[in-house]
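> Here is my input; please provide its structure:
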Amino acid sequence: MKKIFLSISILSLLFASCTKEQNPFLIGKNHVGLLTDSTQVRDIAKIFSNDSIVTNNSANAFMGPNDDIEIYEKGGNKLLILTPAIPNDSTSYIRSVRIMDPRYKTKENITVSSTFKDVSDNYKINKVDNMLGSVIVYAKEINAMLTIDKKELPANMRFDTSLKIEAIHIPDNAKIKYFFLNWNKS
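Next up is the predicted model:
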């Protein structure tokens with residue numbers, strides 16, 4: 001009798017744990033909501049069946065092919081911008097995801113609306129690249145690239161692109177301008 005009760009209890013726990021839904025706005029190292037690093041372009045319509053999907057399959061002589069896929073809520077709010085690894089290939093995996101909506105967040109509550117302090121308190125900053133109008137901060141732990149406008153930096157660091165900028169040079173209250181996750185599949 002005890003064995004039957006124990007077996008039924010274990011089976012109940014297994015079924016209960018299997019029915020747990022994934023948070024559609026949770027960001028992790030290998031996923032953004034229901035998207036994963038293994039999601040193919042052809043699967044996007046199923047994943048975002050209640051949303052609007054806009055593709056831009058055009059080639060510009062100056063910019064090269066633009067195969068970004070924009071995801072909008074039915075209400076019109078832009079959620080994500082997806083970039084496939086191989087343009088115009090439905091079997092291609094998603095190479096990068098740009099987070100547009102602040103409801104998308106990591107388990108540490110990092111969103112596109114976070115500050116540099118929020119990020120640096122929760123993740124190791126692996127690298128900082130000094131670009132023309134921004135700095136790019138890398139948090140390899142979650143495959144994230146965060147762009148911060150140079151207007152957020154001290155005045156003496158805004159115009160010299162050869163200057164070596166470290167994480168300690170970025171003010172705590174600097175706002176994130178862009179939040180990307182990059183997935184490189186070999």
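> Please name the nearest non-neighbouring residue to Lys140.
Asn126 (4.4 Å; CB to CB, 6 or more residues apart in numbering). (Each C-beta comes from the backbone N, C-alpha and C, glycine too.)
> Distance check, that neighbour against Glu141.
Between Asn126 and Glu141 the distance is 8 Å, computed by CB to CB, to the nearest Å.
> Verify the contact between Ser90 and Thr39 for me.
No: counting by CB atoms under 8 Å, Ser90 stays clear of Thr39, with 11.8 Å between them.
> out of those two, which sits in the more crowded spot?
Taking neighbours as other CB atoms under 10 Å, Ser90 and Thr39 compare with Thr39 leading, 20 against 11.
> ok, and what's touching stretch 82-101?
By CB atoms under 8 Å, 6 or more residues apart in numbering, the residues outside stretch 82-101 that reach it are 25, 27, 32, 35, 37-42, 44, 57, 65, 67-71, 73, 77-81, 111-112, 178-185.
> what residue ranges in this protein score low on pLDDT?
For the chain, applying pLDDT under 70 flags the ranges 1-20, 57-66, 185-186.
> from memory Ile69 sits against Ile53, does it?
Yes: with contact defined as CB under 8 Å, Ile69 and Ile53 form a contacting pair (6.3 Å).
> anything in contact with each of those two?
Shared contacts of Ile69 and Ile53, defined by CB under 8 Å, 6+ apart, are found at Ile44.
> of these two, who's got more company?
Applying other CB under 10 Å to Ile69 and Ile53 shows that Ile69 carries more neighbours, namely 19 against 14.
> Next, find the distance separating the more buried one from Ile44.
6 Å.
> With Thr161 instead?
The value you get for Thr161 to Ile44, if CB to CB is used, is 36 Å.
> cool, Lys164 as well?
39 Å.
> Repeat that for Gly75.
Between Gly75 and Ile44 the computed distance is 19 Å (CB to CB).
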